[in-house]
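Q: Next come a sequence and a model predicted from it.
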Amino acid sequence: MNNRRLLVTSALPYANGHIHIGHLVEYIQTDIWVRFQKLAGQRCVYICADDTHGTAIMIRARQEGISEEELIAKMQQAHVADFAGFDIEFDHYGSTHSEETREVCIEIWSALRKAGLVEEREVVQLYDTQAGTFLADRFVKGTCPNPACHSPNQYGDSCDKCGLHYNPTDLIDPVSTLSGSKPEIRKADHLFVNIEKLHGFLEEWTQGGGHLQPEVANYLKGHFLCEPLHDWDVSRPAPYFGFEIPDSPGNYWYVWFDAPIGYIGSTKQWCQRYGEDFHRWWRSAETEIHHFIGKDITYFHTLFWPAMLKTGNFSLPKKVHIHGFLTVNGEKMSKSKGTFIRAATYLEHLDPSYLRYYYASKLSSGVDDIDLNFDDFINKVNSDLVGKVVNIASRTARFLERSGLSVMYPEDGGLFEEAVRDGKAIAEAYDSGDFSRAMRIIMAAADRANRYIEEHRPWEMAKQREGEASAARQVQDVCTVGLNLFRQIAIYLAPVLPRLARLTSELLDDPILRWDQAQRPLVGSRVRKFQHMMQRVDPKRVEAMVTASAEPVDFDSTPETTAATDDDAAVRAEPIAGTINFEDFAKVDLRVARVLAAEDVAGAQKLLKLTLSLGGENQRTVFAGIKGVYQPHDLVGRLVICVANLAPRKMKFGLSEGMIVAAGGPGSECYLLSPDLGAKPGQRVH
RNA sequence: GGGCCCGUAGCUCAGCGGUUAGAGCAGGGGACUCAUAAUCCCUUGGUCGCAGGUUCGAAUCCUGCCGGGCCUACCA
């Protein structure tokens, strides 16, 4: 396993949005893996870049009134800053909008042509004459073509009301979301890659060689490779922000064609910068290529990408590491709930080490989703990192400020050796991507260290009369053991917590640079004055971060949303009730009703007597506690909502056969609900 | 509609065919006071989503169902 050459990539973030905590799962995961490999002595290069092309970028630049180049430059700057804030250390961070990427695109394209894999076909699409562009499905809205549905305001691919799938050209009254104008149907020639011709190769590559996690290989086999592969549409007609296809003027490569090529383009830039031989990295069996991606882009990285590399005569990935998605508190990230947290927002409130450790403690080599649960997050970080790990240094280093570490490593009951043996298992876990296993082993070592200190009670010996050399030496020995156990742990955690490794290096005046430093105890060296290495997580800061994230500060919000300025007084006064299922809800029969008559009830302080019509002969007498808020003559004729199947209740003034619904707290304001225009008495509310 | 993944103690997860199912955190009791109310010892707590099947033996394999997450859509 020694002396490997590794070229590692994370998926290229799209230049249309900011980095958020969901993205960070992948970059932190990759960074930990890379740092581990480097620490272990491998030659390892971490390459990434911004993904900059496509319609979305073009549109966004127009909206902001700047050029695409300005937009992507601005975004790249923001991305780089976010990554740096989380200690994600790329060897090179480039852009797909580069000459190097263009060169490689041309190279692979020529190879595809030469291999006879490119075909031209006509595609019918909607075209926005005002914006001067073809419209992707999501840029068209109209009425659902299903005669039984006809829901308005549906996207160009399917109806979210009836579920029908159709072509954007089938929409009734289609409207471009870009200009609001009515698009026209136009034809254009597109270029397709016939990857079915590489079916045999893809079958072999995906199913063997350990290039993919077993569940991924299985998934591809069952769903793509069991039948002919579809041609891949890789061109888009002008206008389009991207690279124009040299032998097909007016057509551009689709963003997903050049995005992965950005891995190679960015490596090329790195090679030029450091005088490396490009061919040794991308066209040589001596280099292992490792891609880290999310499961949503499996398809591109495990079928198209290997097909392109193979045809272009580049090295194929040794492994594509696929991770799941992030949920927050068990749910998909939500802008309104404040769980859609941008990297920059996180950094304003919390230490990046917390998130790095938390993700590490949850990541396995599988494709499972991981959940960020804030209570768990606070507990885990405080208890594992501050209570256990940092605590070891905190309770021993102070005793060694004067004496330094013992000159000979003392007898420790085999603890140091035990942790040396752990190092092997931890290294294997890191290498295989099973970080949560590594964290578990490390925390067990931390528990042993704390127990050791507890049992040997250095503080008692320290209290003994001054001048007792033997007692002083005992304190020194016990703390030398404790601090060495801590140092091992800091080395093992260095891929996850580079900051802690740096602080440990400073404390012991001995830089942590290599994994195998954990195999030999440090002796005789001085110990600097101890300072806190990590603060506990303050739950208030987490809360503040969520609150800050709930504000609609991002550029991505859809135009339909309104900035919410309402306060939460009502919800605080009366908290949301426990969850019910649909059946519970369905038991309540709410109906539209018209007020036929309304009268004061003699002797009653709050009640009005209402006669309601549910249409036809259906009439109800209802006593409602709204006297003083509504005048009887204002109610007659209006529509209200009533609970139609509520058990009748005998009241002092007569039988009430239902209830009308109103908003507002008890005894305070009261607002009757009424249906929108067009509702008829007797209609049920669903 | 199709698919992938998950469902084990209050919470987060490990175990993935073989002794009485484990850990951390939280809860309860005690000890200690060097340490960022940290640490140490003891302890409560589980029909391993449900129902069938395979097996000498199933949390672990198979089938179906239920619940959750996610992806995708004339492409699966």
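A: Okay, I see it. Numbers count the residues shown, from 1 in each chain, chains lettered A, B, ... in the order given.

Q: Contacts (any at all) between RNA strand B and the lengthiest helix in chain A?
A: Counting residues, the longest helix in chain A under DSSP state H turns out to be helix A:469-493. No - between helix A:469-493 and RNA strand B, judged by C-beta under 7 Å from any atom of the strand, nothing touches; the nearest distance is 8.4 Å. In this view, the C-beta of every residue, glycine as well, is placed from N, C-alpha and C.

Q: Mind listing what's buried along that helix?
A: Judged by neighbour count (16 or more other C-beta atoms under 10 Å), helix A:469-493 contains these buried residues: A:471-472, A:474-493.

Q: How about stretch A:371-381?
A: By 16+ other C-beta under 10 Å, the buried positions in stretch A:371-381 come out as A:D371, A:L372, A:N373, A:F374, A:F377, A:I378, A:K380, A:V381.

Q: near RNA strand B, which residues of the stretch 451-600 of chain A show up?
A: By the criterion of C-beta under 7 Å from any atom of the strand, the positions of the stretch 451-600 of chain A lying close to RNA strand B are A:R451, A:I453, A:E454, A:P458, A:W459, A:E460, A:K463, A:H532, A:M533, A:M534, A:Q535, A:R536.

Q: Secondary structure and distance to A:E196 for those residues - can I get that in TSV?
A: Rendered in TSV, the data for these read as follows (DSSP: H, G, I helix; E, B strand; the rest coil; distance: C-beta to C-beta, whole Å):
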residue	secondary structure	distance to A:E196
A:R451	helix	62
A:I453	helix	65
A:E454	helix	66
A:P458	helix	71
A:W459	helix	73
A:E460	helix	77
A:K463	helix	80
A:H532	coil	61
A:M533	coil	57
A:M534	coil	54
A:Q535	coil	57
A:R536	coil	58
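
Q: Most neighbours among the residues you listed, which one is it?
A: Of all these, A:M533 has the most neighbours under the rule other C-beta atoms under 10 Å, reaching 24 neighbours.

Q: Look up how far A:Y357 lies from that one.
A: A:M533 is 13 Å from A:Y357, where distance means C-beta to C-beta, to the nearest Å.

Q: got it, and A:D87?
A: From A:D87 over to A:Y357 the distance is 12 Å, taken as C-beta to C-beta.

Q: So the two - more neighbours on which side?
A: Higher neighbour count among A:D87 and A:Y357: A:Y357, with 26 against 17, using other C-beta under 10 Å.

Q: And the one helix or strand the more buried one maps to, what does it pack against?
A: Per DSSP states H and E: A:Y357 is located in helix A:352-362. Contact here means 3 or more C-beta pairs under 8 Å, 6 or more residues apart in numbering; DSSP states H and E; on that basis helix A:352-362 packs against helix A:21-39, strand A:370-372, helix A:374-380, helix A:435-456.

Q: Flag every buried residue along stretch A:505-515.
A: Burial within stretch A:505-515, assessed by neighbour count using 16+ other C-beta under 10 Å, is assigned to A:S505, A:L507, A:L508, A:I512, A:W515.

Q: Looks like A:E26 contacts A:I297 (just checking).
A: No - judged on C-beta atoms under 8 Å, A:E26 makes no contact with A:I297 at a distance of 10.5 Å.

Q: Now do the shared contacts for the two.
A: With contacts taken as C-beta atoms under 8 Å, 6 or more residues apart in numbering, the residues that reach both A:E26 and A:I297 are A:A11.

Q: Chain neighbours aside, what residue packs nearest to A:T129?
A: Excluding its sequence neighbours, the residue lying closest to A:T129 (C-beta to C-beta, 6 or more residues apart in numbering) is A:E184, at 6.2 Å.

Q: my bad, should have said A:N329
A: Excluding the flanking residues, the one nearest A:N329 by C-beta to C-beta, 6+ apart is A:N373, at 5.7 Å.

Q: Next: A:T547.
A: A:G338 (6.2 Å).

Q: residues contacting the one you found?
A: For A:G338, the contacting residues are A:V546, A:T547, A:A548, A:S549, A:A550, by C-beta under 8 Å, 6+ apart.

Q: In helices, which of those fall?
A: Of the positions in those, A:V546, A:T547, A:A548, A:S549, A:A550 sit in helices, assigned by DSSP H.

Q: What subset of those residues is buried?
A: Listed as buried from those are A:V546, A:A548, A:S549, A:A550; burial here means 16+ other C-beta under 10 Å.

Q: Just give the nearest non-adjacent residue to the first one, would you?
A: Taking C-beta to C-beta, 6+ apart as the measure, A:V546 lies nearest to A:G338, with 4.0 Å between them; neighbours along the chain are not counted.

Q: Do I have it right that A:R43 meets A:R5?
A: Yes - counting by C-beta under 8 Å, A:R5 is a contact partner of A:R43 at 4.8 Å.

Q: And those two? Which one has more around it.
A: The residue with the greater number of neighbours, taking A:R43 and A:R5 and applying other C-beta under 10 Å, is A:R5; the counts read 16 against 13.

Q: In terms of pLDDT, where does the residue in the stretch 251-400 of chain A that RNA strand B sits nearest to sit?
A: Among residues of the stretch 251-400 of chain A, the one nearest RNA strand B by C-beta to the nearest atom of the strand turns out to be A:K332. It sits 2.3 Å away. Among the per-residue scores, A:K332 shows a pLDDT of 77.

Q: which of the helices and strands packed on helix A:352-362 is buried the deepest?
A: Greatest average neighbour count among the helices and strands packed on helix A:352-362 goes to helix A:21-39 (a mean of 23), per mean count of other C-beta atoms under 10 Å.

Q: State the helix or strand in which the residue nearest to A:G615 when sequence neighbours are not counted lies.
A: Ranked by C-beta to C-beta, 6+ apart and with sequence neighbours excluded, the top spatial neighbour of A:G615 is A:G682, at 3.5 Å. When secondary structure is defined using DSSP H and E, no element contains A:G682, which sits outside every helix and strand.

Q: who touches A:G682 in this structure?
A: Contacts of A:G682 by C-beta under 8 Å, 6+ apart are A:R591, A:V592, A:A593, A:L614, A:G615, A:G616, A:N618.

Q: if you set the cut-off to 10 Å instead, what comes out?
A: Contacts of A:G682 were listed using C-beta atoms under 10 Å, 6 or more residues apart in numbering, and they are A:R591, A:V592, A:A593, A:R594, A:S613, A:L614, A:G615, A:G616, A:N618, A:A644.

Q: who wins for neighbours among the residues you listed?
A: A:A593 (29 neighbours).

Q: Am I right that that one is in contact with A:L614?
A: Yes - applying C-beta atoms under 10 Å, one finds A:A593 in contact with A:L614, separated by 5.4 Å.

Q: any shared contact partners between those two?
A: Overlap between the neighbourhoods of A:A593 and A:L614 consists of A:R620, A:C642, A:A644, A:G658, A:P681, A:G682, A:Q683, taking contacts as C-beta under 10 Å, 6+ apart.
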